[in-house]
Every structure is written in C-alpha cells, then in structure tokens.
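A.B. asks: what follows is a predicted protein model with its sequence.
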Amino acid sequence: MPRYEYRCRTCGDTFELSRPMAQSSDPAACPSGHDDTVKLLSTVAVGGSASAPAPAPGPGGGGGGCCGGGCCG
C-alpha cells in the first residue's frame with residue numbers, strides 16, 4: 001500500500017499514512033488531532049542495476065544547452 005506524507009498547518013508536524021491510492025486526497029488528521037492538513041508532494045526514487053549510456057556529443061563538441069551547446073539568439 002502506498003505511503004503519503006502530510007503536513008499539519010496547525011502545529012507544523014509532518015507525518016505519513018499508508019492508504020489506498022483512491023484515498024490519497026481524503027482528509028487526514030495529524031497525530032495530534034488537528035484536521036487542517038495538506039498532502040505533500042513526494043519524490044520517488046527507483047533503483048535498479050541497469051543504466052542507460054550517456055548520450056554522445058553532437059557536432060561542435062556537445063555541452064548541452066537549448067541548442068546542443070550553441071548560443072540561441
């Protein structure tokens with residue numbers, strides 16, 4: 001079951017709840033009993049053993065940027 005992180009606007013505490021995805025936006029009371037909470041945006045880290053190769057530099061040496069390393073007017 002997914003875990004969601006919430007923050008209490010009254011006391012400022014953050015807490016996590018395990019609940020079904022269908023209930024992720026339902027109101028959640030903080031452990032101190034306050035009802036004014038907000039669900040926080042969480043990042044997910046996915047690990048694995050496979051890795052993608054780095055992209056090869058394009059013409060002109062690469063370096064990234066919006067135009068492949070060139071200057072955009």
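C.D. replies: Noted; the coordinates are in hand.
A.B. asks: from here on, just use CA atoms for contacts and neighbour counts.
C.D. replies: Fine.
A.B. asks: can you give me the strands in the protein?
C.D. replies: 3-8, 14-18, 37-39 (DSSP state E).
A.B. asks: can you redo the ones you listed as CSV with distance to Ser24?
C.D. replies: Shown next, in CSV, are the strands of the chain (distance: least, C-alpha to C-alpha, whole Å):
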stretch, distance to Ser24
strand 3-8, 7
strand 14-18, 9
strand 37-39, 8
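A.B. asks: so for Cys30, which of these sits nearest?
C.D. replies: Closest approach to Cys30 among those is made by strand 3-8 (6.1 Å; C-alpha to C-alpha).
A.B. asks: what's the span of stretch 8-22 from first residue to last?
C.D. replies: End-to-end distance for stretch 8-22: 21 Å, by C-alpha to C-alpha, to the nearest Å.
A.B. asks: same deal with stretch 1-12?
C.D. replies: 25 Å.
A.B. asks: distance-wise, check Pro27 relative to Pro2.
C.D. replies: Distance of Pro27 to Pro2, given as C-alpha to C-alpha: 16 Å.
A.B. asks: please disregard the earlier target; I meant Glu16.
C.D. replies: Distance from Glu16 to Pro2, by C-alpha to C-alpha: 10 Å.
A.B. asks: higher neighbour count, these two?
C.D. replies: A direct count of neighbours by other C-alpha atoms under 10 Å for Glu16 and Pro2 places Glu16 higher, at 15 against 9.
A.B. asks: contacting residues for the more buried one?
C.D. replies: Arg3, Tyr4, Glu5, Tyr6 (C-alpha atoms under 8 Å, 6 or more residues apart in numbering).
A.B. asks: can you tell me which of those residues are buried?
C.D. replies: Tyr4, Tyr6 (16 or more other C-alpha atoms under 10 Å).
A.B. asks: let me have the contacts of Glu16 in JSON lines, extended by distance to Asp35 and pLDDT.
C.D. replies: Listed next are these as JSON lines, based on distance: C-alpha to C-alpha, whole Å; pLDDT from 0 to 100:
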{"residue": "Arg3", "distance to Asp35": "19", "pLDDT": "92"}
{"residue": "Tyr4", "distance to Asp35": "16", "pLDDT": "93"}
{"residue": "Glu5", "distance to Asp35": "15", "pLDDT": "94"}
{"residue": "Tyr6", "distance to Asp35": "11", "pLDDT": "95"}
